[in-house]
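Undergrad: sequence unknown, structure follows:
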């Protein structure tokens, strides 16, 4: 599983950072998922190896423009590029209404189906290689985190436990083995509980704008990586009396409290320039978070790519 | 008057060309006008000296996404940058409805007023330094050209003609001198007809997507410059059976027929790469147009800037 940051700025683009867009690539094949789609995301994609043909789904965390204004353009370009396969969009209900209004007003006729799934119903969506669960955050508008867990994992059925539970040998076993939850006598049996993992399934949580990281306690169970906004440092957050956003220390304290192995901070206010020696500087986020967090800490920047390998080891991918 | 191209690609952005956006700068002061606003136009502006504070108005030629999907983002960024002055938007009616739907769906509250003027009523809009007239084109959807004529010009009143016509000395004379048309005894007197120009007022026509350049005959009267799409070369246009678009030869033949001094072609299909020696190449447009047009011919590219000086001389601005 690879994470590729396409935009890491909060609110407005800068010369070096676009607004939010994150690509999550499957470990097998070329399939990828896009989480948020700020204006200019399709332009960033042009500078990567990603193709709109292998895009499996788009997840939007919330309706603010810096997270969704690139959506109509990316759909138009996928259409002009010849995409015909249906595209899943998981997003708050407002996005569906806005997309419909946009397609009509700008006379954009897509040659592929949009399969819209409303995030407000906290869906868990299963793709061929990935299950994605939705969690509620705290922001000025409805905002969500998406937890991506790989489905095809190196695991054996826990035959003893299955027998104990009275699950009949056959298709139900197959479904559990493939990572699907099943219904048995009115009870939901979670695939996860009936597998013996050689490696724990890889899991990354990607959160939208959020003032209360502690809401992610359940989402972060068994996750190796959390991607979370840190729009400000603590000092600036107090000055800006930032409503609905997190600051570096607050996110890092939460990550420490749940013993999260890896934390990637992103969505930085444009007040923090990238250049060394600047005051304030983007490095202030690192200093502040490092003080309270002992796990692997990373600051995102545009086109930075990370890989999470089978054994759960997370690292930056060196530039080619 | 300066023209600065912010995007010159048709339909989709490429690595070297953004979708349509053209900045027209006044000769006096820092005021500028934006004609079309494809996705990523605000990102292009970041690499220029243009400021959202001195933006006088946005003109949209038609509703297709590659000409307007950057509009919500540019408004949001102007808002976050502290703009408070009302902003005029001249566009087809569909854009107004779409913007309203977008502001509501994405909870964008602008701290400045949007003064919307419907292009479908073919308005002539007067700004402090510029008058802009609207002309109808031929495309799949309603599409317009905007003719920009400078208003503060080096001219004297034609006192003899005014006396002949019986225009009383006073405020009416002042209005005519400042470039405003007046009403007298039920008749419209055009400022233009009662001035003796030292230099002819500068005039540039910027057209949207258009299959019939000949519709611009009136618009081009006394214009020094026409900016027109040439999505294809003739050969490709025939292959693509391009509906609603022009090809280089067709635009150039029209320009020759009205003895237009300068023609800038833009909105090139991404099929034509920039690099020398490629086949087809962007230079094919020059070859094709040069065969039938004897005026000043220019092919636009992103960040190319032109100036039209007082005496009507048009030239590229050398890179700084």
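TA: Arrived safely, thanks for sending. What you are looking at is a predicted structure, and each value in this text was computed from that prediction instead of being measured. Numbers count the residues shown, from 1 in each chain, chains lettered A, B, ... in the order given.
Undergrad: Touching, residue A:233 and residue A:286? I think so.
TA: No: using Cβ atoms under 8 Å, residue A:233 is not in contact with residue A:286, being 10.1 Å away. Using the backbone N, CA and C atoms, a C-beta is placed for each residue, glycine as well.
Undergrad: Nearest residue to the closest residue to chain B within the stretch 151-300 of chain A in space, please, no chain neighbours.
TA: Chain B sits closest to residue A:270 of the stretch 151-300 of chain A, with a gap of 8.9 Å, by Cβ to the nearest Cβ. Setting aside the residues directly before and after it, residue A:270 is nearest to residue A:14 in space (Cβ to Cβ, 6 or more residues apart in numbering or on different chains), at 4.9 Å.
Undergrad: ok, back up a step: which one's more surrounded, residue A:233 and residue A:286?
TA: Using other Cβ atoms under 10 Å in any protein chain shown, the more surrounded residue of residue A:233 and residue A:286 is residue A:233, with 24 against 16.
Undergrad: List phi and psi for the residue positioned nearest the centre of chain A.
TA: Residue closest to the average C-alpha location in chain A (Cα atoms, centre = their mean): residue A:206, at 3.1 Å. Backbone torsions of residue A:206, given as degrees, to the nearest 10, read phi -120, psi 120.
Undergrad: For it, which residues are in contact?
TA: The contact partners of residue A:206, taken as Cβ atoms under 8 Å, 6 or more residues apart in numbering or on different chains, are A:22, A:24, A:35, A:59, A:61, A:145, A:146, A:147, A:148, A:227.
Undergrad: Just grab the bridge partners of it for me.
TA: Beta bridges link residue A:206 to residue A:146, residue A:227 when assigned by DSSP bridges.
Undergrad: Helices along the stretch 1-150 of chain A, start to end?
TA: A:41-45, A:65-68, A:71-80, A:93-105 (DSSP state H, counting those that start in this stretch).
Undergrad: In the stretch 101-250 of chain A, where is pLDDT below threshold?
TA: Residue ranges of the stretch 101-250 of chain A with pLDDT under 70: A:240-242.
Undergrad: Near chain B, which residues of it are found?
TA: A:101, A:102, A:105, A:106, A:107, A:108, A:140, A:141 (Cβ under 8 Å from any Cβ of the partner chain).
Undergrad: For the residues you listed, which PyMOL command selects only the ones that are buried?
TA: In PyMOL, this line selects whichever of those come out buried by 16 or more other Cβ atoms under 10 Å in any protein chain shown:
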select buried, chain A and resi 101+102+105+106+108
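Undergrad: And the furthest pair within the residues of the stretch 101-250 of chain A next to chain B?
TA: A:107 and A:140 (32.3 Å; Cβ to Cβ).
Undergrad: Was I right to think residue A:105 contacts residue B:98?
TA: Yes: between residue A:105 and residue B:98 there is a contact under Cβ under 8 Å: 3.6 Å.
Undergrad: intersection of neighbour lists for those two?
TA: Joint contacts of residue A:105 and residue B:98 (Cβ under 8 Å, 6+ apart) are residue B:63.
Undergrad: And the nearest residue in space to residue A:232 that is not next to it in sequence, its phi and psi?
TA: Excluding the flanking residues, the one nearest residue A:232 by Cβ to Cβ, 6+ apart is residue A:247, at 4.6 Å. Backbone torsions for residue A:247, taken as degrees, to the nearest 10, come to phi -120, psi 160.
Undergrad: So residue A:247 is in contact with residue A:229, correct?
TA: No: with contacts counted by Cβ under 8 Å, residue A:247 stays clear of residue A:229, the gap being 9.5 Å.
Undergrad: Test my guess that residue A:173 contacts residue A:167.
TA: Yes: with contact defined as Cβ under 8 Å, residue A:173 reaches residue A:167; the gap is 6.8 Å.
Undergrad: the more surrounded of these two?
TA: residue A:167 (19 against 16).
Undergrad: Can you name the residues that contact residue A:51?
TA: residue A:30.
Undergrad: The nearest residue to residue A:81 once chain neighbours are set aside: how many residues sit nearby?
TA: Spatial nearest neighbour of residue A:81, chain neighbours left out: residue A:52 (5.3 Å); criterion: Cβ to Cβ, 6+ apart. Neighbour count for residue A:52, taken as other Cβ under 10 Å: 19.
Undergrad: Might you report the residue contacts of residue A:52?
TA: Going by Cβ under 8 Å, 6+ apart, residue A:52 touches A:45, A:74, A:77, A:78, A:81, A:83.
Undergrad: If we use 6 Å, what do you get?
TA: By Cβ atoms under 6 Å, 6 or more residues apart in numbering or on different chains, the residues touching residue A:52 are A:78, A:81, A:83.
Undergrad: quick one: which of the residues you listed has the most company?
TA: residue A:78 (23 neighbours).
Undergrad: OK, contacts around that residue?
TA: Residue A:78 makes contact with residue A:52 under the criterion Cβ under 6 Å, 6+ apart.
Undergrad: residues near the closest residue to residue A:165 other than its chain neighbours, how many?
TA: Using Cβ to Cβ, 6+ apart and skipping residues adjacent in sequence, the residue nearest residue A:165 is residue A:189, 7.0 Å away. Residues lying near residue A:189 (other Cβ under 10 Å) number 19.
Undergrad: Not including adjacent chain positions, what is the nearest residue to residue A:125?
TA: In this structure, residue A:125 finds its nearest non-sequential neighbour in residue A:132, 4.9 Å apart by Cβ to Cβ, 6+ apart.
Undergrad: Enumerate the beta-bridge partners assigned to the one you found.
TA: Beta-bridge partners of residue A:132, counted by DSSP bridges, are residue A:125, residue A:148.
Undergrad: And it, how close does it get to chain B?
TA: Distance of residue A:132 to chain B, given as Cβ to the nearest Cβ, to the nearest Å: 23 Å.
Undergrad: In contact with residue A:234: list those residues for me.
TA: Neighbours of residue A:234 in contact, by Cβ under 6 Å, 6+ apart: A:247, A:249.
Undergrad: for residue A:293, that is, sorry about that
TA: Counting by Cβ under 6 Å, 6+ apart, residue A:293 makes contact with A:252, A:255, A:256.
Undergrad: Count residues in the vicinity of the closest residue to residue A:27 other than its chain neighbours, would you?
TA: Nearest residue to residue A:27 in three dimensions, chain neighbours excluded: residue A:1, at 5.2 Å (Cβ to Cβ, 6+ apart). Using other Cβ under 10 Å, residue A:1 has 24 neighbouring residues.
Undergrad: so how far is chain B from residue A:1?
TA: For residue A:1, the distance to chain B - Cβ to the nearest Cβ - is 27 Å.
Undergrad: Quick check: that residue touching residue A:201?
TA: No: look at residue A:1 against residue A:201 with Cβ atoms under 6 Å: they stay out of range, at 10.0 Å.
Undergrad: What ranges does the stretch 201-320 of chain A have for its strands?
TA: A:203-207, A:225-229, A:262-266, A:296-299, A:305-308, A:314-316 (DSSP state E, counting those that start in this stretch).
Undergrad: nearest to residue B:114, of the ones you listed?
TA: Nearest to residue B:114 among the strands of the stretch 201-320 of chain A is strand A:225-229 (29.4 Å), distances taken as Cβ to Cβ.
Undergrad: can you give me the strands in the stretch 51-200 of chain A?
TA: Using DSSP E, counting those that start in this stretch, strands in the stretch 51-200 of chain A cover A:55-59, A:87-91, A:114-118, A:124-126, A:130-136, A:144-150, A:155-157, A:182-184, A:187-189, A:195-197.
Undergrad: Switch the ones you listed over to a markdown table; also include distance to residue B:152.
TA: Listed next are the strands of the stretch 51-200 of chain A as a markdown table, based on distance: least, Cβ to Cβ, whole Å:
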| stretch | distance to residue B:152 |
| --- | --- |
| strand A:55-59 | 49 |
| strand A:87-91 | 49 |
| strand A:114-118 | 50 |
| strand A:124-126 | 60 |
| strand A:130-136 | 57 |
| strand A:144-150 | 54 |
| strand A:155-157 | 77 |
| strand A:182-184 | 77 |
| strand A:187-189 | 75 |
| strand A:195-197 | 76 |
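Undergrad: right, and these - which one's nearest residue B:310?
TA: Nearest to residue B:310 among the strands of the stretch 51-200 of chain A is strand A:55-59; the distance by Cβ to Cβ comes to 51.1 Å.
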